[in-house]
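Chemist: I'll drop the sequence and a predicted model, then ask my questions.
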Amino acid sequence: MAVGPDVVTEALADIHRRLGSLDGGEPASYIPELARADPGGFGLALVSMDGHRYAAGDAQEPFTLQSVSKPFVYALALSELGLDEVSRWVGAEPSGEAFNAISLEDGTGRPSNAMINAGAIATTALVPGAGADERFERILDRLSAFAGRRLDVDEAVYASEAATGDRNRALAYLMRGAGSLACDPLAATDLYFRQCAVRATTADLAVMAATLGNGGVNPVTGRRAVSEAVAVQVLSVMATCGMYDASGEWLLRVGLPAKSGVSGGLIAVSPARFGAACWSPPLDGAGNPVRGTAALRELSERFGLHLMLSPAPAAPTIVGEPPLDAAPRAGAFAVVAAQGALDFTAAERVLFELEAGSGGPVLLDLGLVTRLDAVAEAMITATLARLAARGRRVAVVGDALPERPDAPWERFGSRAAARADRTADAGAGKPGGGAGGAQPYGD
């Protein structure tokens, strides 16, 4: 048996081989140009947070994004206007209806969410710009930033959709009448048709999905497409609304934020792990690609990507056995040493160890910390201040905590520097020191 280049590519090739003959579904025909797609076309791709790329089948075959464009244009609107303003015009609740249903909120006329057609038209209408050309260029630029290369438009598909898009125009007029559309209905739908006709490959879609999963930073180019906060907001709506009236079943069985399109494209995001994509034109009754849905379900099961699975154990936050249960020598620091990326969960472990001491001087070693998020920084800073307010001498190793002129702790460049310090005793006037002469750092 031939051996593939790597295990991940072999897995994609195996799925492609077994599901390539899966029957069922038909290519979309309400846009005539989409009905011309090869029903046997089938591509798979996956991109890691390190920018490693894997593919099988027709992963380089271009096709139009259609509804797969919706999360990325939603991200653009959120970046420009913020969640509160966007939410004035578009909701965030599952509609439980088909992608092209009339799904407007009673009283406000807002569409249910940005993943159905009505919501996507309303979202596209929010993109700022001096005119239609400028607004579309902003959309195309953002889509290209997610893909990591300049994308283009399939003019034949755009013309076909514009010629047959009366239902979408009707949705736009209904929203305009309800006061939930920010611009002229014809201008909004024409911009939406052009957005849907932007062309990409399955390999591009995997990069776009991975960018959302990487907190808005494209893992291939290293460039930021949107803020982490916006990426989180988009993934949240994708998780509950991205697969239309099959979203609940999808989340139950696959467990990944996802978005499908009627050209056969499908993306799924495993946050902080992978972005995955499929393309296969035959669609099921909900408008989702039959082979793509099966392939993503198998990928999730094979690689353990379901959001609700417990994460793999990380390296311990606390390094070694800090001597906080035993009384340190007079004047010596008790040590808490942390490592890795600190978020709320990791910071809680650090704070527990800091608070567990016997009341003497304490040193927090952050020299091996690779990332300190804002929540962890605030928690650790507040705890160190509390310890100092109780009269304990507090010191920090490393530069993970930013400099503060009013910081109630001392800073050392290394443990060796702390060990060399001879002012830990009360005789040097340091709070928390013990009796007797100066004592070395205790670990």
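Modeler: Cool, got the structure.

Chemist: in what helix or strand does residue 18 lie?
Modeler: Per DSSP states H and E: residue 18 is located in helix 7-19.

Chemist: what about that helix, distance to the chain center?
Modeler: 25 Å (C-alpha atoms, centre = their mean, to the nearest Å).

Chemist: show me which residues of that helix are buried.
Modeler: Across helix 7-19, burial judged by 16 or more other C-beta atoms under 10 Å covers 8-9, 11-13, 15-16, 19. C-betas here are computed from N, CA, C, even on glycine.

Chemist: how about these in JSON lines, adding distance to residue 202 and pLDDT?
Modeler: Below are the buried residues of helix 7-19 laid out as JSON lines (distance: C-beta to C-beta, whole Å; pLDDT from 0 to 100):
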{"residue": "8", "distance to residue 202": "15", "pLDDT": "87"}
{"residue": "9", "distance to residue 202": "14", "pLDDT": "89"}
{"residue": "11", "distance to residue 202": "16", "pLDDT": "89"}
{"residue": "12", "distance to residue 202": "10", "pLDDT": "94"}
{"residue": "13", "distance to residue 202": "14", "pLDDT": "94"}
{"residue": "15", "distance to residue 202": "13", "pLDDT": "95"}
{"residue": "16", "distance to residue 202": "11", "pLDDT": "96"}
{"residue": "19", "distance to residue 202": "14", "pLDDT": "95"}
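
Chemist: output the residues you listed as CSV; include the columns distance to residue 219.
Modeler: Listed next are the buried residues of helix 7-19 as CSV, based on distance: C-beta to C-beta, whole Å:
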residue, distance to residue 219
8, 15
9, 17
11, 20
12, 18
13, 22
15, 22
16, 23
19, 26
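
Chemist: how about residue 317, what does it touch?
Modeler: Residues in contact with residue 317 (C-beta atoms under 8 Å, 6 or more residues apart in numbering) are 338-340, 342, 346, 349-350.

Chemist: does residue 128 count as helix, strand or coil?
Modeler: coil (DSSP: H, G, I helix; E, B strand; the rest coil).

Chemist: what helices and strands are in contact with the helix or strand that contains residue 335?
Modeler: For residue 335, the enclosing helix or strand under DSSP H and E is strand 334-342. Here strand 334-342 touches helix 344-355, strand 362-372, going by 3 or more C-beta pairs under 8 Å, 6 or more residues apart in numbering; DSSP states H and E.

Chemist: send the alpha carbons of that strand over as PDB?
Modeler: Output in PDB follows, covering the C-alpha atoms of strand 334-342 (Å, rounded to 0.1, in the frame of the first residue of the first chain):
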ATOM      1  CA  ALA A 334       8.400  31.400  49.600                       C
ATOM      2  CA  VAL A 335       8.200  30.700  45.900                       C
ATOM      3  CA  VAL A 336       5.400  30.300  43.400                       C
ATOM      4  CA  ALA A 337       6.700  29.600  39.900                       C
ATOM      5  CA  ALA A 338       4.300  29.600  36.900                       C
ATOM      6  CA  GLN A 339       4.800  28.600  33.200                       C
ATOM      7  CA  GLY A 340       3.000  28.700  29.900                       C
ATOM      8  CA  ALA A 341       0.000  30.900  28.900                       C
ATOM      9  CA  LEU A 342      -2.000  32.200  31.800                       C
END
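
Chemist: so what's the gap between that strand and the chain middle?
Modeler: 27 Å.

Chemist: looking at the contacts of residue 317, state which has the most neighbours.
Modeler: Among the contacts of residue 317, residue 338 has the most neighbours (other C-beta atoms under 10 Å), with 27 neighbours.

Chemist: from residue 354, how far off is that one?
Modeler: 10 Å (C-beta to C-beta, to the nearest Å).

Chemist: also residue 289?
Modeler: As judged by C-beta to C-beta, residue 289 and residue 354 stand 52 Å apart.

Chemist: more crowded one of the two?
Modeler: Legend: neighbour count by other C-beta under 10 Å for residue 289 and residue 354, higher for residue 289 (26 against 23).

Chemist: farthest-apart pair in the buried residues of helix 7-19, please.
Modeler: Using C-beta to C-beta, the two most remote members of the buried residues of helix 7-19 are 8 and 19, lying 16.6 Å apart.

Chemist: for the helix or strand containing residue 275, name the packing helices and strands.
Modeler: Here residue 275 is covered by strand 274-279, with elements defined by DSSP H and E. For strand 274-279, the elements it packs on are strand 43-48, helix 202-213, strand 265-270, helix 290-303, judged by 3+ C-beta pairs under 8 Å, 6+ apart.

Chemist: and it with strand 43-48, angle?
Modeler: With axes from the mean of the first three to the mean of the last three C-alpha atoms, to 10 degrees defining the directions, strand 274-279 sits at 170 degrees from strand 43-48.

Chemist: how about the residue nearest the centre of the chain, what does it touch?
Modeler: The residue lying closest to the centre of the chain (C-alpha atoms, centre = their mean) is residue 213, at 3.3 Å. With contacts defined as C-beta under 8 Å, 6+ apart, residue 213 is in contact with 49, 231, 235, 269-275.

Chemist: over to residue 239?
Modeler: 247, 251, 256-258, 307.

Chemist: flag every buried residue along the helix or strand that contains it.
Modeler: Using DSSP H and E, residue 239 falls within helix 228-241. Using 16+ other C-beta under 10 Å as the test for burial, helix 228-241 gives 230-231, 233-235, 237-241.

Chemist: can you name the element that comes right after that helix?
Modeler: Using DSSP H and E, the helix or strand that follows helix 228-241 in sequence is helix 247-253.

Chemist: would you mind pulling the contact partners of that next one?
Modeler: By C-beta under 8 Å, 6+ apart, helix 247-253 touches 94, 239-243, 258, 293, 297, 307.

Chemist: most neighbours, which of these?
Modeler: Neighbour tally across these (other C-beta under 10 Å): the maximum, 31 neighbours, falls on residue 242.

Chemist: closest one of the buried residues of helix 7-19 to residue 364?
Modeler: residue 8 (39.4 Å).

Chemist: from what I see, the closest one and residue 54 are in contact.
Modeler: Yes - using C-beta atoms under 8 Å, residue 8 is in contact with residue 54, at 4.6 Å.
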